[in-house]
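Asks: Could you look at this predicted model? Sequence included:
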Amino acid sequence: CCVARSGCCIHPSTDPPAETSSVSANAIASHWHMPVTGDTLTGVPDNAPPIRRSPLIRGLALLAVVLATAAGCRSSDAADVNSASAVASPAHGTGTSGPERADATSTSTNAAAPAATDEESEAVDDGGSPETATFVDGSGVEVTLPVTSEGLLALDFSTGLTLLTLDVAPIAVEIFDTSNPALAILDEEGVERIPTGNLEATAARDPELLIGISSPRLLQVREELEAIAPVAYPDFLLPWDEQMAVIAELTDTANTANVVRELIQARTEGLRAALADAGLAGARASIIQLQAGAYYSYGPTSLVGGLFEDLGFTRSELQSGAGAFGFVVLSEELVAQEADADVLFAIGDNLDDAGSVLDNPTVDVGDTPTGLVDITWAGVGGFPAWLMLDDIESLLLGDGTVTSPDELVDTWREFTAAIDESS
């Protein structure tokens, strides 16, 4: 979900809707990679904590959000799926050494990281590095885990990208969507891909620590995973930078996490000013994703929606009100209305190869600046934020294009080089 979950209000916490229409249940399941029985979604947590979009762009204390496989908080208004339903958010990030980047990871103390109480303070070895980290995970359980940058296995792609962003190379990354062109980044970094949910393959890598965003899919197999190695579940409802801060604490890379957070903040502020100079302050932006036959739009509590808010864009009333998990599901009747904006970004359905909202016969973009962007926009972490900023700047202030799938690795290299230069 939104890579720029910045600036931030605290949204009311509520449980996911008790009843979901068939389209909503299937939509959620598709994003979370979960089973659906009839119209009932299985495995959704009973109590969802609030989404806290951190000050990424506004005050930048701790930025914002979710989606490796989800995002959200609950809206107090009942939503009708025939108009738009607020539901759980889409998420929808073998090397033994990462890219040889300047490493600024000497300490695990970080203003953006969860603060430990006196009773929870980490043991420290003779070298001054913490031996353990304590935090409350996505299931509400307080856990104490070893701090290590070796033998890590990422349970989802977004977590894999976050580890690489912190210059920590996982021994493998579990992959659900094998068609995602951004997987070429793992190949670039020499990281092995293994199938999602294959416990035998996971155990065969002999990991020291498993890390994955706390999606319902992963929470359902917690006991099986813990039989293989300790498991860290950063809360998927946290802002993206706070998720990164937990991973940084576990890997003793907090300084690098701070560099990434500040890099995204500075670039966002610069682009906001440039857009205003170009007369685009307050322009109405629409973001629509097609996935598994359903249309989604991301609101301000999502990563992508929060970034657009930080850049000074406005959104439609429907998209601004996306509550529960940071996005709304659009009915077919509302697609053309919601696509009508000053600028449109369409996230394609690479999973089912079903195209994008631009292929919908009811949508006529005319002369509207329009970008067909990569599925990475629906991810969470520093790199998706960087990619979004690239695409927005290029479409509106540059040559009018966005990043193509075969340019993703080059964009990744530019991102890591910027981290090096800022370290």
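Replies: Noted; the coordinates are in hand. Numbers count the residues shown, from 1 in each chain.
Asks: Run a quick neighbour tally on Asn198.
Replies: For Asn198, the neighbour count with other CB atoms under 10 Å is 11. The C-beta positions use only the backbone N, C-alpha and C, and glycine is treated the same way.
Asks: do Phe383 as well
Replies: By the criterion of other CB under 10 Å, Phe383 has 26 neighbours.
Asks: That one touches Leu161, doesn't it?
Replies: Yes. With contact defined as CB atoms under 8 Å, Phe383 reaches Leu161; the gap is 5.3 Å.
Asks: how about the helices in the stretch 101-250 of the chain?
Replies: With DSSP state H, counting those that start in this stretch as the criterion, the stretch 101-250 of the chain has helices at 157-165, 184-188, 199-204, 216-220, 222-226, 240-251.
Asks: Just tell me which of the ones you listed ends up closest to Ala257.
Replies: Of all these, it is helix 240-251 that lies closest to Ala257, at 3.7 Å by CB to CB.
Asks: next structured bit after the closest one?
Replies: Sequence order places helix 254-277 as the next helix or strand after helix 240-251, per DSSP states H and E.
Asks: Tabulate the CA atom coordinates of that next one in PDB.
Replies: C-alpha atoms of helix 254-277 as PDB (Å, rounded to 0.1, in the frame of the first residue of the first chain):
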ATOM      1  CA  ALA A 254      18.900   1.500  12.500                       C
ATOM      2  CA  ASN A 255      21.300   4.200  11.100                       C
ATOM      3  CA  THR A 256      20.700   3.000   7.600                       C
ATOM      4  CA  ALA A 257      16.900   3.000   8.300                       C
ATOM      5  CA  ASN A 258      17.100   6.600   9.400                       C
ATOM      6  CA  VAL A 259      19.000   7.500   6.200                       C
ATOM      7  CA  VAL A 260      16.300   5.900   4.000                       C
ATOM      8  CA  ARG A 261      13.500   7.600   5.900                       C
ATOM      9  CA  GLU A 262      15.200  11.000   5.700                       C
ATOM     10  CA  LEU A 263      16.000  10.400   2.000                       C
ATOM     11  CA  ILE A 264      12.400   9.800   1.100                       C
ATOM     12  CA  GLN A 265      11.200  12.700   3.200                       C
ATOM     13  CA  ALA A 266      13.600  15.200   1.600                       C
ATOM     14  CA  ARG A 267      12.800  14.000  -1.900                       C
ATOM     15  CA  THR A 268       9.000  14.200  -1.200                       C
ATOM     16  CA  GLU A 269       9.400  17.800   0.100                       C
ATOM     17  CA  GLY A 270      11.400  18.700  -3.000                       C
ATOM     18  CA  LEU A 271       8.900  17.300  -5.400                       C
ATOM     19  CA  ARG A 272       6.000  18.900  -3.600                       C
ATOM     20  CA  ALA A 273       7.700  22.300  -4.100                       C
ATOM     21  CA  ALA A 274       8.400  21.600  -7.800                       C
ATOM     22  CA  LEU A 275       4.800  20.500  -8.400                       C
ATOM     23  CA  ALA A 276       3.600  23.700  -6.800                       C
ATOM     24  CA  ASP A 277       6.000  25.800  -9.000                       C
END
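Asks: Please name the strands paired to the next helix or strand along the chain from it in the sheet, noting orientation.
Replies: Later in the chain than helix 254-277, the nearest helix or strand by DSSP H and E is strand 285-291. Partners of strand 285-291 in the sheet, by DSSP bridges, are strand 294-298 (antiparallel), strand 343-347 (parallel).
Asks: who are the neighbours in contact with Leu389?
Replies: Applying CB atoms under 8 Å, 6 or more residues apart in numbering to Leu389 gives the contacts 264, 267-268, 271, 307.
Asks: at 10 Å what do you get?
Replies: By CB atoms under 10 Å, 6 or more residues apart in numbering, Leu389 lies in contact with 3-4, 264, 267-268, 270-271, 307, 311, 415.
Asks: Kindly report the same for Leu263.
Replies: Contacts of Leu263 (CB under 10 Å, 6+ apart): 382, 385-386, 415, 418-419, 421-423.
Asks: got a winner among the residues you listed for most neighbours?
Replies: Counting neighbours by other CB under 10 Å, Ala385 leads the contacts of Leu263 with 34 neighbours.
Asks: quick one, the one helix or strand that one maps to and strand 343-347 angle?
Replies: Assigned by DSSP H and E, Ala385 belongs to helix 382-397. Counting by axes from the mean of the first three to the mean of the last three CA atoms, to 10 degrees, helix 382-397 points 140 degrees away from the direction of strand 343-347.
Asks: Just the CA atoms of the next helix or strand after helix 382-397, as PDB, please.
Replies: Sequence order places helix 408-422 as the next helix or strand after helix 382-397, per DSSP H and E. Taking Å, rounded to 0.1, in the frame of the first residue of the first chain, the C-alpha atoms of helix 408-422 are listed here in PDB:
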ATOM      1  CA  LEU A 408      13.200  -1.500 -12.500                       C
ATOM      2  CA  VAL A 409      16.600  -2.800 -11.800                       C
ATOM      3  CA  ASP A 410      18.200   0.400 -12.900                       C
ATOM      4  CA  THR A 411      15.800   2.300 -10.600                       C
ATOM      5  CA  TRP A 412      16.800   0.000  -7.800                       C
ATOM      6  CA  ARG A 413      20.500   0.800  -8.400                       C
ATOM      7  CA  GLU A 414      19.800   4.500  -8.400                       C
ATOM      8  CA  PHE A 415      17.900   4.100  -5.100                       C
ATOM      9  CA  THR A 416      20.700   2.200  -3.400                       C
ATOM     10  CA  ALA A 417      23.300   4.600  -4.800                       C
ATOM     11  CA  ALA A 418      21.300   7.500  -3.200                       C
ATOM     12  CA  ILE A 419      21.400   5.700   0.100                       C
ATOM     13  CA  ASP A 420      25.200   5.400  -0.100                       C
ATOM     14  CA  GLU A 421      25.600   9.000  -1.000                       C
ATOM     15  CA  SER A 422      23.400  10.000   2.000                       C
END
